[in-house]
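Colleague: how does the following fold in three dimensions:
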Amino acid sequence: MRKPSKRWSVSCLVVCGSLACGGPVVAADTLTIGTQGISWTYKDKKSTPAAPLVVDELKIADVVEVKIAGAIPHGIVTIKRSDGGSPVEDKSPVLACGEDTGAKPNAVLRELDCGAASRFGVAFTGSLRLEVMNTFKDPVDFYCVIHHAGMAGTLKLQP
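Modeller: Numbering: from 1, shown residues only. Have a look, this model is predicted:
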């Protein structure tokens with residue numbers, strides 16, 4: 001009977017160790033936010049002026065796709081809510097196309113599909129895709145660049 005080679009034994013150890021220590025592989029999902037009139041939509045949920053859309057199924061590496069179609073212009077921008085005051089734009093959570101990674105060390109979302117210009121923070125039609133970075137921890141609020149607080153939402157990691 002032949003004795004296994006040293007190379008074969010080392011290869012087996014590497015493969016078995018990788019499988020044992022790697023943990024489960026979780027595939028990234030695409031979560032699509034759409035528009036209907038002056039509301040954000042996600043699955044069977046819809047925003048209203050009194051109730052923001054809540055997307056609470058995010059996982060690290062997921063992609064949030066914002067699809068805007070129709071005659072009413074929209075766009076998405078992240079916001080910061082203040083106690084009792086109106087929310088204000090806060091673009092710091094998103095690393096938009098063309099921005100240097102070092103300029104936003106606290107970014108939690110990264111714009112994908114960079115073309116001629118960023119679609120984050122401006123009105124557009126078509127789609128915008130944002131990747132959930134491993135720095136995402138706390139909920140991120142957003143609203144429409146046209147309709148502001150009347151068309152708001154929140155992105156959260158799944159519980």
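Colleague: the protein: helices as residue ranges?
Modeller: 6-22 (DSSP state H).
Colleague: which residues does Val55 bridge with?
Modeller: Leu155 (DSSP bridges).
Colleague: measure it to Asp113 for me?
Modeller: Look at Val55 and Asp113: by C-beta to C-beta, to the nearest Å, they are 19 Å apart. (Glycine included, C-beta is placed from N, CA and C.)
Colleague: for these two, indicate the residue with more neighbours.
Modeller: Neighbours were counted for Val55 and for Asp113 using other C-beta atoms under 10 Å; Val55 has more, 23 against 13.
Colleague: show me what contacts that one?
Modeller: Going by C-beta atoms under 8 Å, 6 or more residues apart in numbering, Val55 touches Leu31, Ile33, Tyr42, Lys45, Val64, Gly153, Thr154, Leu155, Lys156.
Colleague: neighbour-wise, give me the winner out of the residues you listed.
Modeller: The contacts of Val55, ranked by neighbours (other C-beta under 10 Å): first place Leu155, 26 neighbours.
Colleague: what separation do you get for Gly34 and Ser92?
Modeller: Distance of Gly34 to Ser92, computed by C-beta to C-beta: 26 Å.
Colleague: who has more neighbours out of these two?
Modeller: Gly34 (18 against 14).
Colleague: run through this protein and note the low-pLDDT ranges.
Modeller: Along the chain, the parts satisfying pLDDT under 70 run over 1-26.
Colleague: what about the strands in it?
Modeller: Per DSSP state E, the chain carries strands over the ranges 30-36, 39-42, 45-46, 53-58, 63-68, 76-80, 88-89, 94-95, 109-111, 126-132, 140-144, 148-157.
Colleague: quick one: contacts of the longest one?
Modeller: Looking back up the chat, that one is strand 148-157. Contacts of strand 148-157 (C-beta under 8 Å, 6+ apart): 33, 38-40, 47, 49, 52-56, 58-60, 64, 74, 79, 86-87, 109, 132, 136-137, 139-144.
Colleague: need the strands of the chain in TSV (columns: distance to Arg119).
Modeller: Formatted as TSV, the strands of the chain follow (distance: least, C-beta to C-beta, whole Å):
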stretch	distance to Arg119
strand 30-36	13
strand 39-42	16
strand 45-46	22
strand 53-58	18
strand 63-68	8
strand 76-80	8
strand 88-89	15
strand 94-95	11
strand 109-111	7
strand 126-132	4
strand 140-144	13
strand 148-157	17
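Colleague: Thr101: which of the ones you listed is closest?
Modeller: Among the strands of the chain, the nearest to Thr101 by C-beta to C-beta is strand 94-95 (6.4 Å).
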